[in-house]
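K.L.:
Sharing a model that was predicted from the sequence below.
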Amino acid sequence: MRVVLFFDGKNFYAGWKDQTAGRDIDFRKLSQWIVRAVGGSHLWGAYYYTGVDDTVPKTPGQEKLDNFLDMLTMQPGFFVQRFAQKIRTTTCPSCGTQSKFSQEKEVDTTMVADMLRLAAVGAFDIAVLISGDADLVPAVEGVRALGKQVYVGSWGTSGLSARIRRAAFDHLNLSEGLQDFARGPGDGLAPYGLPPSSAIAMAPLSNDPEVHMLACIEEIKRAQAAMPGGYVGVHFFVTRWRSEKLAEIPDLRRRIIDRLVEQQKIEIYLTDDGIQAVKMKV
């Protein structure tokens, strides 16, 4: 049974950081574990899709991402596709302030096209989609209609859309195999070339953490007003929302959000389509 893997890079990375305490991953062992977990015989290919910021000069974070993607390209059976992030600008209807955020629609559309194209030519027997994004439900349903099994994989159930879980043959919890494919401390490169989150967690937010939290509250309000539907996804806000007032480091943004939740100033909830969203406490 030939198995092909489709990685939604941003979704995979966000779950990895949230659920595994930043442990390094051996991607060759990860792919082998997934193949065994779904009853396959061998890996046909693993496709990794992600958006990259192609502005010049590159930031240290962008250089680390490039290093990680270069490393992943050299893994047996892995094929990496990079897409330039589209920077959008929104204007707050109440205050007129402009905000920038990134979109990666080309990532989703290319992934859907590849899944359907490879299924149509009989390139695989089982597909494993590493994403919990409800936008990919049509791809899962389309591949299933072509007579192929489709599993959906994620780190636990965090960020897993109920719609995509219902559409898939079964759910694969990557956290259950961590002991089989995690590296030891210092034994390799973590996704995006970042240090383990435990090391980041020990670093202070700043000399005045309150400043970061006040800025985060202001940006959540702005994002909530700018987004269609009146809510902003946690993953979107942490990884894609552009603001000069907030650090670009996803771990730092997530820690600030966690503190605000503890202080009951904001809340995280599930939308009707299974997306984890953040909003201000009433």
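P.N.:
Sure thing, it's come through. Quick caveat: nothing in here was measured; it's all calculated off a predicted structure. Numbering: from 1, shown residues only.
K.L.:
which is the next helix or strand following the top strand by length along the chain?
P.N.:
Determined from DSSP state E, the single longest strand within the chain is strand 42-52. Later in the chain than strand 42-52, the nearest helix or strand by DSSP states H and E is helix 60-73.
K.L.:
same question for that following helix, mean pLDDT?
P.N.:
If you average the pLDDT over helix 60-73, you get 80.
K.L.:
by how many degrees do it and strand 42-52 diverge?
P.N.:
160 degrees (axes from the mean of the first three to the mean of the last three CA atoms, to 10 degrees).
K.L.:
now helix 60-73: how far from the chain's centre is it?
P.N.:
16 Å (CA atoms, centre = their mean, to the nearest Å).
K.L.:
and that helix, what other elements does it pack with?
P.N.:
The helices and strands touching helix 60-73, judged by 3 or more CB pairs under 8 Å, 6 or more residues apart in numbering; DSSP states H and E, are strand 42-52, strand 78-84. (Glycine included, C-beta is placed from N, CA and C.)
K.L.:
how about a markdown table for the ones you listed, with mean neighbour count added?
P.N.:
Shown next, in a markdown table, are these (neighbours: other CB atoms under 10 Å):
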| stretch | mean neighbour count |
| --- | --- |
| strand 42-52 | 20 |
| strand 78-84 | 17 |
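K.L.:
what is the rounded mean pLDDT of the helix or strand hosting V35?
P.N.:
With elements taken from DSSP H and E, the one containing V35 is helix 27-37. For helix 27-37, mean pLDDT rounds to 94.
K.L.:
how about the helices and strands packed on helix 60-73, which one is nearest D170?
P.N.:
Shortest distance between D170 and the helices and strands packed on helix 60-73, using CB to CB, is found for strand 42-52: 18.4 Å.
K.L.:
which strands and helices sit next to the closest one?
P.N.:
Against strand 42-52 (3+ CB pairs under 8 Å, 6+ apart) you get strand 2-8, helix 9-19, helix 27-37, helix 60-73, strand 78-84, helix 105-120.
K.L.:
Return the longest one as PDB; C-alpha atoms alone will do.
P.N.:
So that's helix 105-120. Taking Å, rounded to 0.1, in the frame of the first residue of the first chain, the C-alpha atoms of helix 105-120 are listed here in PDB:
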ATOM      1  CA  LYS A 105      -4.200  31.000  -0.300                       C
ATOM      2  CA  GLU A 106      -1.800  29.600  -3.000                       C
ATOM      3  CA  VAL A 107      -0.700  27.000  -0.500                       C
ATOM      4  CA  ASP A 108      -4.200  25.600   0.000                       C
ATOM      5  CA  THR A 109      -5.100  25.700  -3.700                       C
ATOM      6  CA  THR A 110      -1.900  24.000  -4.800                       C
ATOM      7  CA  MET A 111      -2.300  21.300  -2.100                       C
ATOM      8  CA  VAL A 112      -5.900  20.600  -3.200                       C
ATOM      9  CA  ALA A 113      -4.800  20.400  -6.800                       C
ATOM     10  CA  ASP A 114      -1.900  18.100  -6.100                       C
ATOM     11  CA  MET A 115      -4.000  15.700  -3.900                       C
ATOM     12  CA  LEU A 116      -6.700  15.400  -6.600                       C
ATOM     13  CA  ARG A 117      -4.200  15.100  -9.500                       C
ATOM     14  CA  LEU A 118      -2.100  12.400  -7.900                       C
ATOM     15  CA  ALA A 119      -5.300  10.500  -6.800                       C
ATOM     16  CA  ALA A 120      -6.700  10.700 -10.300                       C
END
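K.L.:
Skip ahead from that helix and say which helix or strand is next.
P.N.:
strand 126-130.
K.L.:
Tell me how far that following strand lies from the chain's centre.
P.N.:
On CA atoms, centre = their mean, the centre of strand 126-130 falls 15 Å from that of its chain.
K.L.:
How about stretch 121-132?
P.N.:
18 Å.
K.L.:
Also stretch 39-51?
P.N.:
17 Å.
K.L.:
next one: stretch 1-21
P.N.:
7 Å.
K.L.:
Can you list the buried residues in that stretch?
P.N.:
By neighbour count with 16 or more other CB atoms under 10 Å, stretch 1-21 contains the buried residues 2-20.
K.L.:
so where is the stretch 51-200 of the chain shaky, pLDDT-wise?
P.N.:
By pLDDT under 70, the low-scoring segments of the stretch 51-200 of the chain are 55-56, 58, 61, 86-105, 184-200.
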